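Q: got a predicted structure plus its sequence, pasted below:
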Amino acid sequence: MMKPRLMHLSDWRKNQAESGFSLVEILAAFTILSISVTLLLLSVRSSVQQNILARKIQVATQLCRKKTEELDEKFKVDGFSDLASLGVKETKSFDPPFADYTYEVQLDQVQLGDLANAFMSFSGANSPQQKMGTDMLGQMASASGAAFSGAMGPLKSFLEKGLRRVTVRVFYSELSQKKSFVEVIFYAVDLGRLP
């Protein structure tokens, strides 16, 4: 039977020195760790920036929706009296806590063109079959198109006087300080302008 041999202190130190990490291994591990931490921090920074931008877009969208509803109600009650000048943009800031958001409202008159000719061509009144009178449905469509085209003049006049294209833009600044906007376009009718 063999006796376990006791290790001298000098032998123990010698074995410990051989089992450690070299300087090259430590530098390689440190380099890998620093690159990993840097990429992780960049990823977190990008994520935070995207969340901030998404929040700004969400707030701008809600403000644009609110302003659109306010204008729609105002037009139903007062008509277009305050914004009578067409094509002029009205730019204002929101009240705090949204003071860094601005909005712009623009009213444009709707030009309808020649609705009677458009309706007649849509009904097929200019087709050769209807001109010759061989198609009974074509004759009926032509007659209804002609009757409707007679009513188009007053309707067109009313729509051009009482219909407005309303554009609402809410501006916000992105992280790069570049101005961006959310835009809503709707059509409003002023019933007080009925002939």
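A: Now that the structure is in, tell me what you want to look at. Not measured: the values here are computed from a predicted model.

Q: the bottom helix or strand of this structure by mean pLDDT?
A: For the chain, using mean pLDDT, DSSP states H and E, the weakest element among its helices and strands is helix 128-132, scoring a mean of 45.

Q: avg pLDDT for whichever strand or helix holds residue 54?
A: Using DSSP states H and E, residue 54 falls within helix 23-78. Here helix 23-78 scores 93 as its mean pLDDT.

Q: which strands and helices sit next to that helix?
A: For helix 23-78, the helices and strands in contact under the criterion 3 or more C-beta pairs under 8 Å, 6 or more residues apart in numbering; DSSP states H and E are strand 102-109, strand 163-173, strand 179-189. Placement of C-beta: from N, CA and C, glycine included.

Q: right, and the ones you listed - which one's nearest residue 72?
A: Ranking the helices and strands packed on helix 23-78 by proximity to residue 72 (C-beta to C-beta) places strand 179-189 first, at 6.4 Å.

Q: just checking: what are the partner strands of that closest one?
A: Applying DSSP bridges to the sheet, strand 179-189 is found paired with strand 163-173 (antiparallel).

Q: quick check: buried residues in stretch 62-80?
A: Buried positions in stretch 62-80, judged by neighbour count with 16 or more other C-beta atoms under 10 Å: 63-64, 67-68, 71, 75, 79-80.

Q: okay then, goodbye and thanks.
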